[in-house]
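# got a sequence here, can you model it:
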Amino acid sequence: MSQRFFVLDTSRCFGCHGCVAACATANGTPAGLLWRTLLKLPPDDNAANTVYLSVACNHCRNAPCVRACPSRALEKRSTDGIVIHRAERCLGCRYCQMACPYDAIRWDAARGVVSKCHLCYDRLDRGLEPACVETCFAGALTQVLSMDEDGSGDSVLRQCSREAPGLIDHPGVGPSIRFAQRWEGRPSGPRPQAQGAAPGGER
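Residues are numbered from 1 along each chain as shown. You can find the predicted model right below:
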């Protein structure tokens, strides 16, 4: 199975929250319900050594949320491994929330169901980038389609780290996010080249 990965270059991210706003706007999420969040790691001094993590659902290779859902409201696409939530099937039991080790699933109290990042699969299917990636003018956030689930066959992903301060690769879960191995200075080096969007995609 192929797998899409988010790639975050922390040396480029300066905490503008553009990705967070773009996600909320594109998906019409209620006020205060954010699928993507920006974490600021210590030392929180707003200087060059402050590290930001832009995180959302990691579309894990062995997604615990999919296994935990009794109504099959969560499913993993066979074409690219994106974990999609089907709201019409959701019972509102929140078992998926309890199973997710990355706190990536949100509770929509008004609708009585959960919701989450779906990696803008509808945009990808039309040859566009996810809203968060398209909006990141610093080039800190990209996405890559790997032909194998663990990304070992992709040249961009092989240069990246599986873990970052504040986010670990839980054994057996396989989060589909990688971090460019540049922790000091900003910016540095060429941005990873996004791959896998359909031909003719726009930026």
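
# stretch 162-178: end-to-end distance?
Separation of the first and last residues of stretch 162-178 by C-alpha to C-alpha, to the nearest Å is 5 Å.

# just stretch 132-149 next, same as before
Stretch 132-149 has an end-to-end distance of 22 Å (criterion: C-alpha to C-alpha).

# buried sites along it?
With burial defined by 16 or more other C-beta atoms under 10 Å, the residues of stretch 132-149 counted as buried are 132-136, 138, 140-146, 149. In this view, the C-beta of every residue, glycine as well, is placed from N, C-alpha and C.

# quick check: longest helix of the protein.
Longest helix in the chain by number of residues (criterion: DSSP state H): helix 18-27.

# which element follows that one toward the C-terminus?
Downstream of helix 18-27, the next assigned helix or strand under DSSP states H and E is strand 37-41.

# what are the C-alpha coordinates of that following strand, in CSV please?
Only the C-alpha atoms of strand 37-41 are listed here, as CSV (Å, rounded to 0.1, in the frame of the first residue of the first chain):
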residue,chain,number,x,y,z
THR,A,37,-2.6,22.9,15.9
LEU,A,38,0.7,24.6,16.3
LEU,A,39,2.8,23.6,19.4
LYS,A,40,5.5,25.8,20.7
LEU,A,41,8.3,23.8,22.4
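
# what residues does it touch?
15, 17, 19-20, 50-56, 165-166 (C-beta atoms under 8 Å, 6 or more residues apart in numbering).

# if we use 7 Å, what do you get?
For strand 37-41, contacts defined as C-beta atoms under 7 Å, 6 or more residues apart in numbering pick out 15, 17, 20, 50, 51, 52, 53, 54, 55, 165, 166.

# quick one: which of the residues you listed is nearest residue 112?
For the contacts of strand 37-41, the residue nearest residue 112 by C-beta to C-beta is residue 20; the value is 24.5 Å.

# my read: that closest one touches residue 34, true?
Yes - under the criterion of C-beta atoms under 7 Å, residue 20 makes contact with residue 34 at 6.1 Å.

# what about this structure, any weak spots by pLDDT?
Confidence mapping of the chain against pLDDT under 70 gives the ranges 43-48, 181-203.

# quick one: the helices in it?
Along the chain, the segments classed as helices by DSSP H run 18-27, 64-68, 95-99, 121-124, 131-135, 155-158.
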